[in-house]
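Peer 1: okay, here's the prediction I keep looking at, along with the sequence it came from:
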Amino acid sequence: MKAINIAEAGGTEVLHYTDVAVPEINSNEVLVAIKAISINPVDAKTRAGKGVFGRFKDQLPIIIGWDIAGTVVKVGSEVSKFNVGDDVFGMVNFPGQGQAYAEYIAAPQNHLALKPKNISFEQAAASTLAALTAWQAFTKQATITKGQRVLIHAAAGGVGHFAVQIARYLGAYVIGTASAANRAFVLNLGADEHIDYKSTKLEEATHDIDLVLETIGGENIDASLKVVKQGGTLISIPSGLSETVTEKAKAKGVNGFFFLVQSNGDDMEQIAQLLEAGIIRPFVSKVYDFSEMAAAHLQQETGSTRGKLVVTIGQ
């Protein structure tokens, strides 16, 4: 099968197209013929030697990627959730080796959900790591209650655009930061307020925040802590900032958490239900062919993508 692996960290030149054997499946796994892959910041960071690269540096070459949508072509002997021919989607083996940059993937059945019939493979692939991050942050790391003031940074981005929709669904008053160019987009997602982070100081634009989803890191953490009320919560998802977030938040009387999303089929089923009901809708800004993976990585690294980037394969 066609696949892309990396044998070292570096720029997009380390994305190596190769032919490898179709993976064998374990008893609790299904073999999925991949139709679409979603690209996330962690993909580009891992390729460059950051992200979760450290987990695999002694196992090179590796196939990276985690977000998939496709069709089940084989099931293990202990699989009960899926049958051959089912269309599925999910985030596979994160933060371990997902091996999604390929025509086929061996995926644990408990990392997948049935793809809703009302969305495309591209939309399904987009609604995996990013949507799961928002869902798990708001239902497991913290529990949003009706009327809470929730601040979402980078609200037009991959995680952010799902977070706005999910927080609104859970009953929050939602404030989203984004550029002025994305104001209408963020408000149309369901945000009650938009803050232009380029022209406005955060502490001058809002206050008394119950919960912040912080997706940028660095100085943005300090700015966010200024607007969280005592006893409030700040959840940070950039890698490598756990101690910084916890210590800084504690000093301010705020609950601070570092959060890394985990593969979870039950949560994927929750996402599937929200997609099927039209409660959340993915925004795919661009679709690339598998041969254009380098271009997809370069766009992801700009940090200015609205919604999600998707790569198609096997279509």
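Peer 2: Great, that's in hand.
Peer 1: which stretches of the protein have low pLDDT?
Peer 2: Regions of the chain meeting the criterion pLDDT under 70 cover residues 239-244, 315.
Peer 1: so which residues of it form helices?
Peer 2: For the chain, the helices defined by DSSP state H cover 41-47, 121-126, 129-136, 158-169, 183-189, 202-205, 219-225, 242-251, 265-276, 293-301.
Peer 1: mind putting the ones you listed into CSV with distance to Thr143?
Peer 2: Backbone N, C-alpha and C define where each C-beta goes, glycine included. As requested, the helices of the chain are exported to CSV (distance: least, CB to CB, whole Å):
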stretch, distance to Thr143
helix 41-47, 25
helix 121-126, 26
helix 129-136, 11
helix 158-169, 12
helix 183-189, 21
helix 202-205, 24
helix 219-225, 19
helix 242-251, 18
helix 265-276, 14
helix 293-301, 31
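Peer 1: what's the closest of those helices to Val287?
Peer 2: Nearest to Val287 among these is helix 121-126; the distance by CB to CB comes to 5.7 Å.
Peer 1: tell me which residue is most central in the chain.
Peer 2: Geometric centre of the chain, nearest residue: Ala130, 2.1 Å, by CA atoms, centre = their mean.
Peer 1: correct me, but that one touches Val164?
Peer 2: No. Using CB atoms under 8 Å, Ala130 makes no contact with Val164, being 11.7 Å away.
Peer 1: re the thing from before, between the helices of the chain, which one is nearest to Pro282?
Peer 2: So among the helices of the chain, helix 121-126 is nearest, using CB to CB, at 4.1 Å.
Peer 1: so for the closest one, what gets flagged as buried?
Peer 2: Phe121, Glu122, Gln123, Ala124, Ala125, Ala126 (16 or more other CB atoms under 10 Å).
Peer 1: neighbours of the closest residue to Leu112 other than its chain neighbours, how many?
Peer 2: Nearest residue to Leu112, sequence neighbours excluded (CB to CB, 6 or more residues apart in numbering): Gly90, at 3.8 Å. Using other CB atoms under 10 Å as the criterion, Gly90 is surrounded by 38 other residues.
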